[in-house]
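Colleague: Need a 3D model of the sequence below.
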Amino acid sequence: MNKKNVLYVKDLNKTYSKNSSKSVHAIKNLNLEVKEGEIFGLLGPNGAGKSTFINILAGTSIKTSGEVNVWGFNLDVNPRQVRASIGIVPQEVNVDPFFTPWNILELQAGMYGIKKKDRITETILKLVSLDKQSKSYTRALSGGMKRRLLVAKALVHKPPIIILDEPTAGVDVELRSNLWDNVKQLNKQGVTIILTTHYLHEAEQMCDRIGILNKGNLVALDTTKNLLKRIQTKIVKFAVDKKVNISNNSLKSINILSNDMNELVLSYEKNSLNISEIIKYIGDQNIKLFDISTDDGDLEDVFIRLTKN
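Modeller: From the prediction side, this is the model:
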């Protein structure tokens, strides 16, 4: 069963004019679709256009041209419905220190015109594990709790899409884990997640699909699994009983990383050499091979290759 597109972007452009003679193209002909119920990662270096894209969806920046549809609503025709379909968790933690989580969520609900009988403040606070701190001033909350409070604010109007902008920036490992547990729980309940992050290993573990922006251009858009297949360099570690003799004329496509009496570590291009050839070469020298471990690279390798120019 094909899932519907909850976000559809066609030929989106955003240009900032510094003066009459010079313009900055923050987003260039962006085409993008996000499916209902998926966790979609939008990655890119600083200045790639990620924040500009989020600001356009949030209505705080006006696109130059192109089409944007969110949950079936066109941004030009139904901007209020588009904003109501999205909950945005900003990167900056900015909450009133003299308000309680309960106060903040109730105020947020009022801003969206939600009637008191229809509010789900208590449910949201339980979901993000802040029900015990609901009456505490936010100044007394930890950094991780404040992050979860931002997620709670984004859920007040029951949006089908949540956008998290660098949600774990400046957060320690344990708190990052807790926050991702909350995100996974939301996704299990049917909420579509769009996130930006600088922690590429998190994107690799969390995201169903990933788009990579660079200088306003979408340079990659695929499943995480397929993106990882683009990595051609493989690192192999061999545990041996003596040093392997590798001459200049043998195994030309490999790069020796270390070679001593007990271990040989090398890298090679998967499209030019097979690991069985390396194993045979070692065996031909009457060297005992005790163990083999491999490293196929990760999303960071793909990211660096696609954004290095």
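Colleague: Can you give me the separation between G216 and A154?
Modeller: G216 is 26 Å from A154, where distance means C-beta to C-beta, to the nearest Å. Quick note: C-beta positions are derived from backbone N, CA and C, even for glycine.
Colleague: helix, strand or coil for I162?
Modeller: Secondary structure state of I162, per DSSP: H, G, I helix; E, B strand; the rest coil, is strand.
Colleague: so which strand or helix has the residue lying closest to it once chain neighbours are set aside?
Modeller: Closest residue to I162 apart from its sequence neighbours, by C-beta to C-beta, 6 or more residues apart in numbering: G87 at 4.8 Å. Assigned by DSSP states H and E, G87 belongs to strand 86-89.
Colleague: Run a quick neighbour tally on N262.
Modeller: By the criterion of other C-beta atoms under 10 Å, N262 has 11 neighbours.
Colleague: same check, this time on M261
Modeller: 10.
Colleague: Equivalent analysis for R147, please.
Modeller: Residues lying near R147 (other C-beta under 10 Å) number 25.
Colleague: Would you agree it is in contact with L179?
Modeller: Yes: counting by C-beta atoms under 8 Å, R147 does reach L179; the two are 5.9 Å apart.
Colleague: Beyond the longest helix seen in the chain, next helix or strand please.
Modeller: Longest helix in the chain, counting residues (DSSP state H): helix 173-188. Later in the chain than helix 173-188, the nearest helix or strand by DSSP H and E is strand 192-196.
Colleague: Which strands border the helix or strand harbouring A26, and is each parallel or antiparallel?
Modeller: Take DSSP H and E as the rule and A26 turns out to sit in strand 23-35. Each strand paired with strand 23-35, and its direction, by DSSP bridges: strand 5-17 (antiparallel).
Colleague: Could you give me the buried positions within the partner strand?
Modeller: For strand 5-17, burial by neighbour count (16 or more other C-beta atoms under 10 Å) applies to 5-9, 12, 14.
Colleague: okay, those residues in CSV with pLDDT and distance to E122 next?
Modeller: Below are those laid out as CSV (pLDDT from 0 to 100; distance: C-beta to C-beta, whole Å):
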residue, pLDDT, distance to E122
N5, 91, 33
V6, 95, 27
L7, 96, 30
Y8, 96, 35
V9, 97, 36
L12, 96, 39
K14, 95, 40
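Colleague: Between those residues, which sits nearest I161?
Modeller: I161 lies nearest to V6 out of the buried residues of strand 5-17, by C-beta to C-beta, at 5.7 Å.
Colleague: Bridge partners for the closest residue in space to Q81 that isn't next to it in sequence, pull those for me.
Modeller: Computed as C-beta to C-beta, 6+ apart, the closest residue to Q81 that is not its neighbour in sequence is F73, at 4.1 Å. Using DSSP bridges, the bridge partners assigned to F73 are V70.
Colleague: re the thing from before, can you name every helix or strand that the longest helix of the chain contacts?
Modeller: The contact analysis (3 or more C-beta pairs under 8 Å, 6 or more residues apart in numbering; DSSP states H and E) places helix 173-188 against helix 121-127, helix 143-155, strand 161-165, strand 192-196, helix 200-206.
Colleague: Need the CA coordinates for that helix. CSV is fine.
Modeller: The C-alpha coordinates for helix 173-188 follow below in CSV (Å, rounded to 0.1, in the frame of the first residue of the first chain):
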residue,chain,number,x,y,z
VAL,A,173,24.5,11.5,25.2
GLU,A,174,21.9,10.3,27.8
LEU,A,175,19.5,13.1,27.1
ARG,A,176,19.9,12.6,23.3
SER,A,177,18.9,9.0,23.8
ASN,A,178,15.8,10.0,25.8
LEU,A,179,14.8,12.6,23.2
TRP,A,180,15.0,10.1,20.4
ASP,A,181,12.9,7.6,22.4
ASN,A,182,10.2,10.3,22.5
VAL,A,183,10.5,10.9,18.8
LYS,A,184,10.2,7.1,18.0
GLN,A,185,7.2,7.0,20.3
LEU,A,186,5.5,9.8,18.3
ASN,A,187,6.3,8.1,15.0
LYS,A,188,4.7,4.9,16.2
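Colleague: That helix vs strand 161-165, what angle?
Modeller: 160 degrees (axes from the mean of the first three to the mean of the last three C-alpha atoms, to 10 degrees).
Colleague: buried sites along helix 173-188?
Modeller: Of the residues in helix 173-188, those buried (16+ other C-beta under 10 Å) are 175-176, 178-180, 182-183, 186-187.
Colleague: What average pLDDT does it get?
Modeller: Averaged across helix 173-188, the pLDDT comes to 83.
Colleague: so where's the stretch 151-300 of the chain shaky on pLDDT?
Modeller: Within the stretch 151-300 of the chain, the segments meeting pLDDT under 70 span 170-171, 232, 247-250, 252, 271, 296-298, 300.
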